[in-house]
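Please find the sequence and the predicted model below.
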Amino acid sequence: MNYHIPMCTLDEGQLGEVVGISLNGHIRSRLADLGLIQGCRVKCLQKSFGGDIAAYLICGAVIAVRKCDAARVSCRII
């Protein structure tokens, strides 16, 4: 299966490849500066108790991303 899911739905420990980003403005450029671009691999490391923030491993750095922003990043499960 080769379908796309929002990055926020990756389970802890699951690896995905970014296939699309539908963010705009400052948040898009900030995440791009941190390495979140199309084709990069992301791994969900941990989700907060409430589920609003998750830690992702992106290009060797751990980055916390809000669920509303991660929902606008499409991934393919690896």
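Great, that's in hand.

just checking, what packs against the top helix by length along the chain?
In the chain, assigned by DSSP state H, the helix with the most residues is helix 25-33. Contact partners of helix 25-33 among helices and strands, from 3 or more CB pairs under 8 Å, 6 or more residues apart in numbering; DSSP states H and E: none. Every residue, glycine included, has its C-beta placed from N, CA and C.

Which other helices and strands does the helix or strand following that helix contact?
Using DSSP states H and E, the helix or strand that follows helix 25-33 towards the C-terminus is strand 41-47. With contacts taken as 3+ CB pairs under 8 Å, 6+ apart, strand 41-47 sits against strand 15-21, strand 53-58.

one more time with 10 Å
Applying 3 or more CB pairs under 10 Å, 6 or more residues apart in numbering; DSSP states H and E, one finds that strand 41-47 contacts strand 15-21, strand 53-58, strand 61-66, helix 67-70, strand 73-77.

roughly how far apart are Arg76 and Gly39?
Distance of Arg76 to Gly39, given as CB to CB, to the nearest Å: 10 Å.

Could you name every residue contacting both of the two?
Common neighbours of Arg76 and Gly39 are listed as 17-19 (criterion: CB atoms under 10 Å, 6 or more residues apart in numbering).
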